[in-house]
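Sequence below, structure please.
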Amino acid sequence: MKILHLVSTLGHGSAAAQLELIVRWTAPRHEHSVCCLETEGPRAARLRTARIAVECLHWTRPFDAAAPLRLRRLLKTLNPDSVHVWGRQSLRALALVGRRWLGRTIVSRPLAEPSTSLPALDRWLLQRVRSVVAGGDFEAAACRNLGIALDKIRVIPPGVDRATARRASQSCHERRILCIGALEQRNAFRDAIWAFDILRYVYPDGRLTVVGAGSQQRTLQWFAQCLEAGEQVEFLGERDDVSPWLSQASVFWSPSPVPRPRQAVLEAMAAGLPVIAADQPWTREVMADGVTGFLVPPGDKVALAKRTRELLADADRSRALAAAAQRHIAQHHSGQVIGPRWLHYYDELGR
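Residues are numbered from 1 along each chain as shown. Prediction:
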């Protein structure tokens, strides 16, 4: 079956990571092409190395007549059996160039925030696509509440490539905390900096590393300076490969209340890093509190600092959580588990 993937960007992010993994897992049986709307990123080069055709539209302006025409020509040239779109932005772009493709469309990541309502246009489009892939039962239930037919919804959990997720040995005296995600208003990195400031009273030599970019980066840097923690909080910006920082960290924080950092949580768990995340339905689907990580109430800075202190003070407990998380990833989110599910799903659509 010929599949065209339509994604906003191939930079660092959950959608691009899942796309790359799925293409690699299913390429022997299905023919893939990729079209990114905005920017390519490093994954484009890796996909081309794997002999996957990649085209970038550089669609960065809202009123750009050339980009939709290029997308329409690409669809006519490839004439794919299925169009796999990643996110609602890609779905809108596809609908703009031709609604006749909706009957061939698969949608992954249909809801950026499953607890919120969608614009009427997005609901109308999702109700008319061929299939919707939810990353968990919570997202699937939200799709059903939007009026998407039950027989159109398929639940396939996100996967992670464990082959590249190996944690280097480190000294037990290091106290490095790592956060990864988009630095936006809703992602609660201000709370993370505040919690780190609480921890500094116990561990004055600790460090907080933030990987990611966004509109709030300067505000967060200013906030760290106001707390006199500027030298201990480092902002690295966007990084294509986060493995070096995963290997150096002692604890991984995911304070965001939205599902976007889920891929980073899975990568940290696969790397053998103890994770503390905001307690949300999507985190409960990938973590068991006290077993494969810790869940804390969103916005609770004291709880975040307290749980982190427990892990930093008890190396045995930290190692036990990390080992349990790695086993969970191997059993439920590794390529050996998720890959066959995507193969079976694509095979069903191709019949």
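
C-alpha only now, for contacts and for neighbours.
OK.

In CSV, please show the C-alpha coordinates belonging to stretch 339-346.
Extracted in CSV, the C-alpha atoms of stretch 339-346 (Å, rounded to 0.1, in the frame of the first residue of the first chain):
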residue,chain,number,x,y,z
GLY,A,339,5.6,-2.2,15.1
PRO,A,340,3.5,-5.3,14.4
ARG,A,341,0.3,-3.4,15.5
TRP,A,342,1.0,-0.7,12.9
LEU,A,343,1.7,-3.4,10.3
HIS,A,344,-1.5,-5.2,11.0
TYR,A,345,-3.4,-1.8,10.9
TYR,A,346,-2.0,-0.8,7.5
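
how about it: buried residues?
339, 341-343, 346 (16 or more other C-alpha atoms under 10 Å).

Secondary structure and distance to residue 296 added to these, as a markdown table?
As requested, the buried residues of stretch 339-346 are exported to a markdown table (DSSP: H, G, I helix; E, B strand; the rest coil; distance: C-alpha to C-alpha, whole Å):
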| residue | secondary structure | distance to residue 296 |
| --- | --- | --- |
| 339 | helix | 31 |
| 341 | helix | 32 |
| 342 | helix | 32 |
| 343 | helix | 36 |
| 346 | helix | 37 |
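
quick check, nearest of these to residue 221?
Nearest to residue 221 among the buried residues of stretch 339-346 is residue 339, at 40.1 Å by C-alpha to C-alpha.

Could you list the low-pLDDT ranges of this structure?
12, 112-116, 162-174, 185-187, 258-260 (pLDDT under 70).

which stretches of it form helices?
Applying DSSP state H to the chain gives helices spanning 14-26, 42-49, 66-78, 88-97, 120-126, 137-145, 189-199, 217-226, 243-248, 262-270, 281-284, 301-313, 315-332, 335-350.

Against which helices or strands is the shortest one packed?
I take that to be helix 281-284. Here helix 281-284 touches helix 137-145, going by 3 or more C-alpha pairs under 8 Å, 6 or more residues apart in numbering; DSSP states H and E.

what comes up buried for the helix it packs on?
137-140, 142-143.

Check stretch 203-211 too.
Quick answer for stretch 203-211 (16+ other C-alpha under 10 Å): 206-211.

Please identify the one among those that lies nearest to residue 65.
Of the buried residues of stretch 203-211, the one sitting nearest to residue 65 (C-alpha to C-alpha) turns out to be residue 211, at 34.7 Å.

Report the beta-bridge partner residues of the closest one.
Beta-bridge partners recorded for residue 211 (DSSP bridges): residue 180, residue 237.

So it sits against residue 180, correct?
Yes: in this structure, residue 211 is within contact of residue 180 by C-alpha atoms under 8 Å, at 4.7 Å.

quick revisit: with distance to residue 312 as extra columns, can I get the buried residues of stretch 339-346 in JSON lines?
Below are the buried residues of stretch 339-346 laid out as JSON lines (distance: C-alpha to C-alpha, whole Å):
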{"residue": "339", "distance to residue 312": "35"}
{"residue": "341", "distance to residue 312": "38"}
{"residue": "342", "distance to residue 312": "39"}
{"residue": "343", "distance to residue 312": "41"}
{"residue": "346", "distance to residue 312": "44"}
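
What are the structural domain limits within this protein?
2-159+334-350, 162-332 (automatic domain parsing).

Could you tell me the end-to-end distance of the longest one?
Using C-alpha to C-alpha, to the nearest Å, the span of domain 2-159+334-350 from its first residue to its last is 9 Å.

on that earlier part again, from the buried residues of stretch 203-211, which two are the most distant?
Maximum pairwise distance in those, criterion C-alpha to C-alpha, is 16.6 Å, between 206 and 211.

residues in contact with the nearest residue to residue 305 once chain neighbours are set aside?
Leaving out its chain neighbours, the residue that sits closest to residue 305 by C-alpha to C-alpha, 6 or more residues apart in numbering is residue 195, at 5.3 Å. By C-alpha atoms under 8 Å, 6 or more residues apart in numbering, the residues touching residue 195 are 301-302, 304-305.

next one: residue 189
183, 220, 255-256 are the contacts of residue 189 under C-alpha under 8 Å, 6+ apart.

what's the answer for residue 287, then?
By C-alpha under 8 Å, 6+ apart, the contact list for residue 287 reads 293-294, 325.

Out of those residues, grab the one that's most surrounded.
residue 325 (27 neighbours; other C-alpha atoms under 10 Å).

Chain neighbours aside, what residue packs nearest to it?
residue 292 (4.5 Å).

Relative to residue 75, which of the buried residues of helix 137-145 is nearest.
residue 143 (27.0 Å).

Who are the contact partners of the closest one?
Counting by C-alpha under 8 Å, 6+ apart, residue 143 has contacts residue 153.

that older thread, quick check, nearest of the buried residues of stretch 339-346 to residue 67?
Nearest to residue 67 among the buried residues of stretch 339-346, with distances taken as C-alpha to C-alpha, is residue 346, at 28.2 Å.
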